[in-house]
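Predicted coordinates and the sequence they were generated for:
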Amino acid sequence: MNRGFIGRFLDTFFSLPVLLGLLTMLGFQYYFASNATKQVVRPHFNRDIHFVEHKIRHDRELVCAETDLCEYEFSTVGAVLVGSTFKKHLGQDNVPLRTVHERGQFERDQGVFLLALEEKTPLDYVLDAQKNIEGGVEVSFSTETLDKQWRIGKTFRMYNDSYRVDVILSFVPLKSEVEPLVPRLFVPGPFLGEIDKDKLEGIVQPLGDGRVERFADITDESDRWWNAPAIAGVEDKYFMHALIGYEPGFLKHVFYKKTTSASAATSATTNASKRAPVTTGLSVVLECVPVGEQSEVELDWYFGPKTLRSMEKVDERLGAFLSLGWFSFIGRFLLSALESLYEYLGNYGWAIIVLTLIIRIPLIPFFMYCKRKAAKADNVTRKYAHEIAGINAKYKDDAIMRQDEISKFYEARGTSSMGAMYAMVPQLLMIPVFVSLFGLLNNAVSLYNAPFMGWITNLGASDPYYIIPLVMAAGLVVQQYFAPTNGRESYVMKIVLPVIMFAFLCRFPVGMLLYFLVARGIEIVEDIIKAKIWSV
């Protein structure tokens, strides 16, 4: 009967009308999908910048603007940002970190907030004003186009309590009839210099879409672009330069430009005679709509460290760009708790230790219960190994009966054949916490060069003297001392496992090692209690 039904179904499914219907549907889908693809025409993206090659009329001037969080340095040559120093984030030798460095004259196309035109791009700006405003500071520059048809103004507004930078562009025609301008704003990503293998990535959040796109493979020939996205910028491990707001209708396209620096800026901690190696940079390019009349537009930027509170204080959407691993919802909670503990304790090392205690101590009764159940099942398995082997032999040809008899055997002795699985519950339960903390502590700018105590001067680096890995390996030896031993192989593993753990932990940052150390200490206490107090 079943075969007849299947045969009739196949005959009907592969009948001529059904096949024609399927082919017609696929044809329509292919036709419209092909047309949709063909309608997407790749715009022409101008990544080149042609500067006005004449003598600068005004002497180059550096303009310094300082807020409570950052020191900014601007140059009148191009009215670009040539320096940004973050006071609360220290690098090598306790020198504040810089994400923007002054470039040489052959790298003028890498100036931050460089405004380029389709034709000749003027560089000869003058300082119009520098003044303190409510809650921050403001710096204004202006210049004229080569044909004297336009006056271009650039105003930068920085704030004392956040890492927000507003860029106000103004275009004023100087004649009754003028040629429209097509402005483009170039904003390179952060460059720290002192961090090895610091990778730059483009970041985009399309308009009306909560998803976050990241990419590091942009080239000048790339066909990736976005029509007026909600957020766009460049980030590295610790910092972000991102556009977060603009007036609707002004921005046309966003694309990226990859650059190579032949003489990268000198790090603030290195000697002036020493140059950083050749580096590859990534700039986000904002192509604006043509400007044919007097207009002014404001572009809002986040220009700071990738910390949850700093980012969400400027724009709550930026929290989505903080990569915290698979369990981001747990990572956000842990990050918020860590920052709160730091505000109270004043040291991230102690904050990590207290956070670990807060996570683990409430779980001790549950973990002890799981360990007791597992130990009881393991004790029955070892004590009655001969009887269990007999059941397996008796019902070797009937798996269902064999499993049923073994289950009854364990239940008669107050445990379960699956009781050993309880030993895995604590580890499985802590996997999300471990993954979240690893992503958090391994990428937190707050831990970079953050001291703890004694020999630990950088929570974001590995232990220089391997003291914590040695202590943890010794702790594993103590923990295994209280574990039951089954023959010579177990004694060998008690030596091999600590050696493997030591080698594995040597590369971890100290911040993560502190979590491991406290968690391992709690596990040792649990095992001592289980061995000395409980009888299983």
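Alright, I've got the coordinates.

hang on, Thr381 in a helix?
Yes: per DSSP: H, G, I helix; E, B strand; the rest coil, Thr381 lies within a helix segment.

how close does it sit to Met368?
The span separating Thr381 from Met368 equals 20 Å under the rule C-beta to C-beta, to the nearest Å. Glycine gets a C-beta too; all of them are placed from N, C-alpha and C.

Looking at the two, which is more packed in?
Relative neighbour count places Met368 above the other of Thr381 and Met368, with 18 against 15, counting by other C-beta atoms under 10 Å.

And the pLDDT for the more buried one?
In the predicted model, Met368 carries a pLDDT score of 82.

Find the helix or strand that it is a member of.
Per DSSP states H and E, Met368 falls inside helix 364-383.

Now find how far off-centre that helix is within its chain.
Its chain's C-alpha centre and that of helix 364-383 lie 40 Å apart, by C-alpha atoms, centre = their mean, to the nearest Å.

give me the low-pLDDT residue ranges for the stretch 351-500 of the chain?
In the predicted model, the stretch 351-500 of the chain carries pLDDT under 70 at residues 417-420, 479-493.

all strands for it, in order.
Remark: strands of the stretch 351-500 of the chain are absent; assignment by DSSP state E, counting those that start in this stretch.

That one: helices as residue ranges?
If you assign secondary structure with DSSP state H, counting those that start in this stretch, the helices in the stretch 351-500 of the chain sit at 364-383, 385-394, 399-411, 425-442, 467-481, 488-505.

so which of these comes closest to Tyr238?
Closest to Tyr238 of the helices of the stretch 351-500 of the chain, according to C-beta to C-beta: helix 425-442, at 11.4 Å.

other SSEs contacting that closest one?
The contact analysis (3 or more C-beta pairs under 8 Å, 6 or more residues apart in numbering; DSSP states H and E) places helix 425-442 against helix 328-345, helix 364-383, helix 510-532.

any chance of these in JSON lines, with distance to Ala79 too?
Compiled in JSON lines, the helices and strands packed on helix 425-442 are given as follows (distance: least, C-beta to C-beta, whole Å):
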{"stretch": "helix 328-345", "distance to Ala79": "36"}
{"stretch": "helix 364-383", "distance to Ala79": "60"}
{"stretch": "helix 510-532", "distance to Ala79": "40"}
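
and of those, who's closest to Trp225?
Trp225 sits nearest to helix 328-345 of all the helices and strands packed on helix 425-442, at 27.6 Å, using C-beta to C-beta.

Figure out how far that closest one is from the centre of its chain.
Here the centre of mass of C-alpha atoms in helix 328-345, compared against the chain's by C-alpha atoms, centre = their mean, lies 16 Å away.

and that helix, C-alpha only, in PDB?
Below are the C-alpha coordinates for helix 328-345, written out as PDB (Å, rounded to 0.1, in the frame of the first residue of the first chain):
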ATOM      1  CA  SER A 328      27.100  39.300  23.700                       C
ATOM      2  CA  PHE A 329      24.200  39.800  26.000                       C
ATOM      3  CA  ILE A 330      26.200  38.200  28.800                       C
ATOM      4  CA  GLY A 331      29.300  40.200  27.800                       C
ATOM      5  CA  ARG A 332      27.400  43.500  28.100                       C
ATOM      6  CA  PHE A 333      26.300  42.600  31.600                       C
ATOM      7  CA  LEU A 334      29.800  41.600  32.600                       C
ATOM      8  CA  LEU A 335      31.300  44.700  31.000                       C
ATOM      9  CA  SER A 336      28.900  47.000  32.800                       C
ATOM     10  CA  ALA A 337      29.600  45.200  36.100                       C
ATOM     11  CA  LEU A 338      33.400  45.400  35.600                       C
ATOM     12  CA  GLU A 339      33.300  49.200  34.900                       C
ATOM     13  CA  SER A 340      31.100  49.700  37.900                       C
ATOM     14  CA  LEU A 341      33.500  47.800  40.100                       C
ATOM     15  CA  TYR A 342      36.400  49.700  38.700                       C
ATOM     16  CA  GLU A 343      34.700  53.000  39.600                       C
ATOM     17  CA  TYR A 344      34.500  51.800  43.200                       C
ATOM     18  CA  LEU A 345      37.800  49.900  43.500                       C
END
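
so what does that helix touch, helix or strand wise?
The elements that helix 328-345 packs onto, with contact taken as 3+ C-beta pairs under 8 Å, 6+ apart, are helix 308-314, helix 348-360, helix 425-442.

Which secondary structure elements does the first one sit against?
In terms of contact count using 3+ C-beta pairs under 8 Å, 6+ apart, helix 308-314 is assigned the packing partners strand 295-305, helix 328-345.

and if you look at the second one?
The criterion is 3+ C-beta pairs under 8 Å, 6+ apart, and the helices and strands that helix 348-360 contacts are helix 328-345, helix 510-532.

Mind putting those helices into CSV with mean pLDDT and mean neighbour count?
Shown next, in CSV, are the helices and strands packed on helix 348-360 (pLDDT from 0 to 100; neighbours: other C-beta atoms under 10 Å):
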stretch, mean pLDDT, mean neighbour count
helix 328-345, 84, 16
helix 510-532, 82, 18
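
Out of those, which is closest to Tyr125?
Of all these, helix 328-345 sits nearest to Tyr125, with 39.5 Å by C-beta to C-beta.

contact partners of the closest one?
When contacts are defined by C-beta atoms under 8 Å, 6 or more residues apart in numbering, helix 328-345 is touched by residues 307-309, 319, 322, 324-325, 348, 350-352, 354-355, 358, 432-433, 436-437, 439-440, 444, 446.

From those residues, keep the buried residues only.
Applying 16 or more other C-beta atoms under 10 Å to the contacts of helix 328-345, the neighbour count classes 307-308, 322, 324-325, 348, 350-352, 354-355, 433, 436-437, 439-440, 444, 446 as buried.
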